[in-house]
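Peer 1: the sequence isn't on hand, but the structure is:
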């Protein structure tokens, strides 16, 4: 596959919580930045941090690729109304760095323009936190690679990381602790004009691992047990359309827009 675009790598944020036994913070999961515009010609940008619902219950701080740290209180997140294991928080007013210093995933185009040829067998990658490594104070996302094992189907719901049974994509892509909340991308290779072109599409959010059932022998008795398998559970990206539809998010976008709009020059001034 082609080299992953730096913009996607830089969209990844790491979620932290205080360690109750020390003065340090410890990583608990992954999040990433999503940009939303009412239309592609709109100059006004809204930015959201997206992660899994089961991650935000622990996190109190998000560190962006720039090193900037943003407080993330549990009550400030909006959970998907569908019950899926995803949540979003508006960070438009908290971004300090210029736009060219961090990356983001484009909500509108990547959700709405998923090509029909992304299907079982398509190549995948995800970007996130490898929690077993010591934190160095800087975000260093790791990439995992695999293939689509199944596309989401309403007839075959899957138990996501928050326990909800929801239509979910499955990826033959091994995960590790910390990757919950990672953005998952599918890519297609197109041929034309004598060359190959690769296009990346946001498929969804990594929510958990599909379990494997095995038998454990203890004291001469056999007990069933579930262990994480290589099958990754992915919340479909289309669930995130609630960012556009949520009334609170819409009101915040309008407030940000008014704050950035110049005064109306035609408004009469008091004499």
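Peer 2: Done, it's in. In this text the structure is predicted, and so the values were computed from the model without any measurement.
Peer 1: C-alpha from now on. contacts and neighbour counts both.
Peer 2: Noted.
Peer 1: can you tell me how far residue 146 sits from residue 125?
Peer 2: Distance from residue 146 to residue 125, counting by CA to CA, to the nearest Å: 6 Å.
Peer 1: what's stretch 143-154 in contact with?
Peer 2: With contact meaning CA atoms under 8 Å, 6 or more residues apart in numbering, stretch 143-154 is reached by 119-128, 166-175, 231, 236.
Peer 1: same check, this time on stretch 254-261
Peer 2: Here stretch 254-261 has contacts from 44, 93, using CA under 8 Å, 6+ apart.
Peer 1: so how far is it off the chain centroid?
Peer 2: In terms of CA atoms, centre = their mean, to the nearest Å, the centre of stretch 254-261 is found 26 Å from the chain centre.
Peer 1: tell me if residue 75 really is in a helix.
Peer 2: Yes - Residue 75 sits within a helix when classified using DSSP: H, G, I helix; E, B strand; the rest coil.
Peer 1: count of neighbours near it?
Peer 2: 10 (other CA atoms under 10 Å).
Peer 1: if we can go back for a sec, who has more neighbours, residue 146 and residue 125?
Peer 2: Neighbour totals were compared for residue 146 and residue 125, and residue 125 leads with 23 against 19 (other CA under 10 Å).
Peer 1: distance of that one relative to residue 234?
Peer 2: Residue 125 is 12 Å from residue 234, where distance means CA to CA.
Peer 1: so what sits against both of the two?
Peer 2: Both residue 125 and residue 234 are contacted by residue 184, under the criterion CA under 8 Å, 6+ apart.
Peer 1: buried residues in the lengthiest helix in the chain?
Peer 2: The longest helix of the chain (DSSP state H) is helix 247-260. By 16 or more other CA atoms under 10 Å, the buried positions in helix 247-260 come out as 249, 253, 256.
Peer 1: and stretch 89-102, by the same measure?
Peer 2: For stretch 89-102, a neighbour-count test (16+ other CA under 10 Å) marks 89, 90, 91, 92, 102 as buried.
Peer 1: just give the closest residue to residue 138, not the sequence neighbours.
Peer 2: The spatially closest residue to residue 138, leaving aside those adjacent along the chain, is residue 67, at 6.4 Å (CA to CA, 6 or more residues apart in numbering).
Peer 1: tell me who's in contact with the one you found.
Peer 2: Each residue near residue 67 by CA under 8 Å, 6+ apart is listed here: 137, 138, 139.
Peer 1: where is pLDDT lowest across the residues you listed?
Peer 2: The member of the contacts of residue 67 with the lowest pLDDT is residue 137, at 80.
Peer 1: find the helix or strand that the closest residue to that residue other than its chain neighbours is a member of.
Peer 2: Nearest residue to residue 137 in three dimensions, chain neighbours excluded: residue 67, at 8.0 Å (CA to CA, 6+ apart). According to DSSP states H and E, residue 67 maps onto no helix or strand at all.
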